[in-house]
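>>> What follows is a protein structure lacking sequence information:
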């Protein structure tokens, strides 16, 4: 995994935190870790460093995981948020997922944690790349908007191929409303 992986872990038990860390280490997930156990230290950590993933216990003595999720999604909606909890009722787990949690793993099943973290990081990477490509494509469209007809499409496709670092690219248009025929407009 990436050497720059940074994990924020909201956990009040140092023993549980060490078990989580060990579970990820067994899966060759090397990371910089920051463990926090209060609302104030959690917010301070979020404000001080960019994290790759947030792991959080659901129940803490002075803070709760749902509040942590809300704060994280307000500040950094693109960062995966995974609950790692000893006990979470099914209804609370469903609420957590519908509120934006990426997943949840029971502390009694830490063998699931590494695959969940890897999947969450891959999904976040793909969303980030898709957003970057969409922004770049919009910039290409905007920069070629003064062109018309074939010149527009040829320039757009050439620049799209360069952006994607490929030799070829194409743009197609649906020719009729039933989508039964697709016509290629430009090929580079």
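Now that the structure is in, tell me what you want to look at. Model, not experiment: these values are computed from the prediction.
>>> For residue 77, give me its contacts.
Neighbour list for residue 77: residue 100 [criterion: C-beta atoms under 8 Å, 6 or more residues apart in numbering]. For glycine as for every other residue, the C-beta is placed from the backbone atoms N, C-alpha and C.
>>> May I ask which helix or strand encompasses it?
Per DSSP states H and E: residue 77 is located in neither a helix nor a strand.
>>> And it, how close does it get to residue 104?
Remark: distance between residue 77 and residue 104 (C-beta to C-beta, to the nearest Å) = 18 Å.
>>> and residue 154, what pLDDT?
What the model reports as pLDDT for residue 154 is 73.
>>> Does anything pack onto the helix or strand hosting it? Which helices or strands?
For residue 154, the enclosing helix or strand under DSSP H and E is helix 149-163. When contacts are defined as 3 or more C-beta pairs under 8 Å, 6 or more residues apart in numbering; DSSP states H and E, helix 149-163 packs onto helix 113-144, strand 170-174, strand 182-187.
>>> center of the protein - which residue?
What sits nearest the mean C-alpha location of the chain, by C-alpha atoms, centre = their mean, is residue 124, with 2.2 Å.
>>> what's the closest non-adjacent residue to it?
Leaving out its chain neighbours, the residue that sits closest to residue 124 by C-beta to C-beta, 6 or more residues apart in numbering is residue 80, at 5.3 Å.
>>> Surely the one you found touches residue 102?
Yes. Using C-beta atoms under 8 Å, residue 80 makes contact with residue 102 at a distance of 4.2 Å.
>>> Quickly list what's touching both of the two.
Common contacts of residue 80 and residue 102 (C-beta under 8 Å, 6+ apart): 120, 123.
>>> returning to what we had before: is it correct that the residue nearest to the centre of the chain is in contact with residue 76?
No. If you go by C-beta under 8 Å, residue 124 and residue 76 don't touch, sitting 10.5 Å apart.
>>> buried stuff in the helix holding residue 154?
152, 153, 154, 155, 156, 157, 159, 160, 161 (16 or more other C-beta atoms under 10 Å).
>>> If I take it and helix 113-144, what angle do their directions form?
150 degrees (axes from the mean of the first three to the mean of the last three C-alpha atoms, to 10 degrees).
>>> Now do helix 149-163: distance to the chain's middle.
Relative to its chain's centre, helix 149-163 lies at 30 Å (C-alpha atoms, centre = their mean, to the nearest Å).
>>> for stretch 41-57, same thing?
Here stretch 41-57 is found 15 Å from its chain centre; the criterion is C-alpha atoms, centre = their mean.
>>> count of residues packed around the closest residue to residue 31 other than its chain neighbours?
Leaving out its chain neighbours, the residue that sits closest to residue 31 by C-beta to C-beta, 6+ apart is residue 5, at 4.1 Å. By other C-beta atoms under 10 Å, 17 other residues sit near residue 5.
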